[in-house]
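Enquirer: build me a model from this:
(one chain, ligands or ions: 1)
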Amino acid sequence: MKKNIMVFVVFFTSICVGFAQKKIFYSDSPGSVKEIALTFDDGPNKVTKKILDILKKKNVRATFFLVGIRAKSNPDMVRAIVSAGHEIANHTFKHINFYSYEGKDKTIKIEEELLQSENIIKKITNIKTSLVRFPYGYSKSDAVEVAKKWGYYVINWSFGCDWEKVTAEEMYSKYKKAAKDGAIFLMHDLNENSKILLFLSDFIDELKKSNYKIVTVSELLGLAS
Ligand SMILES: [Zn+2]
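Expert: Numbers count the residues shown, from 1 in each chain. Sure, this is the predicted structure:
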């Protein structure tokens with residue numbers, strides 16, 4: 001009997017410790033895996049179709065962090081992302097920069113932004129998002145707590161530079177240099193003339209040549225999506 005109680009105590013304690021240590025915030029995979037995740041923020045937009053075409057040609061899956069208000073005005077593109085087998089995630093509703101947000105209702109606003117986007121994506125796809133990337137990588141404790149409350153993981157990135165004013169060649173070379181086990185790459189499906197269109201296909205080839213498996217964020221981090 002005593003032994004049973006001990007077993008129970010050990011079991012219960014390990015569950016508690018497990019909960020206490022549940023990791024919510026990631027910017028790469030903590031384990032060393034020969035895998036990389038490609039992520040696209042701020043869509044859906046017109047350019048999303050071009051990105052989807054490249055990914056399809058290269059037979060790889062990516063994770064799209066959708067802006068709710070854009071999903072609402074372009075539900076067909078959201079459905080196209082899902083039906084192509086990609087993962088969709090939450091990038092909030094109106095893409096507010098919470099680093100500069102000064103309202104006293106900040107935590108409420110963060111929650112609203114998360115849930116409004118969740119609702120619209122769910123309405124379109126019947127999928128409940130469980131990964132969030134707050135705009136500009138905002139990851140202060142108020143946002144992480146809100147995410148945790150609603151069953152989300154907060155996903156930032158290990159490298160991204162497609163907003164920099166550099167040539168496509170320089171950009172491509174920076175992305176290539178940043179390839180590492182467990183990397184999460186940030187790109188945007190925002191501008192129609194995005195420079196990533198010029199090298200995304202080659203970049204995927206390069207990663208494959210270096211034996212990286214390209215996976216979704218959930219797969220990379222071993223999270224249920
Ligand atoms: Zn964004």
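Enquirer: next SSE downstream of the helix or strand of the chain with the lowest mean pLDDT?
Expert: Within the chain, confidence by mean pLDDT, DSSP states H and E is lowest for helix 2-20 among all helices and strands, at a mean of 51. Moving toward the C-terminus from helix 2-20, the next helix or strand (DSSP states H and E) is strand 25-26.
Enquirer: rounded mean pLDDT for that next one, please.
Expert: Taken as a whole, strand 25-26 has an average pLDDT of 98.
Enquirer: tally of neighbours for Trp163?
Expert: The burial metric for Trp163, expressed as a neighbour count using other C-beta atoms under 10 Å, is 14. (Glycine included, C-beta is placed from N, CA and C.)
Enquirer: now the spatially closest residue to it that is not a sequence neighbour: how far from the ion?
Expert: Computed as C-beta to C-beta, 6 or more residues apart in numbering, the closest residue to Trp163 that is not its neighbour in sequence is His188, at 6.9 Å. Using C-beta to the ion, to the nearest Å, His188 is found at 7 Å from the ion.
Enquirer: check contacts around Lys149.
Expert: Under the criterion of C-beta atoms under 8 Å, 6 or more residues apart in numbering, the contact list for Lys149 reads Glu111.
Enquirer: next: Glu111.
Expert: If you count contacts by C-beta under 8 Å, 6+ apart, Glu111 has them with 146, 149-150.
Enquirer: I'd guess it is in a strand, am I close?
Expert: No: assessed by DSSP: H, G, I helix; E, B strand; the rest coil, Glu111 does not belong to a strand; its assignment is helix.
Enquirer: what does the model give it for pLDDT?
Expert: Per the predicted model, pLDDT is 98 at Glu111.
Enquirer: burial count for the nearest residue to Cys161 once chain neighbours are set aside?
Expert: Residue nearest to Cys161 in three dimensions, not counting chain neighbours: Lys174, with 5.1 Å by C-beta to C-beta, 6+ apart. Residue crowding around Lys174 was assessed by other C-beta under 10 Å; the count is 15.
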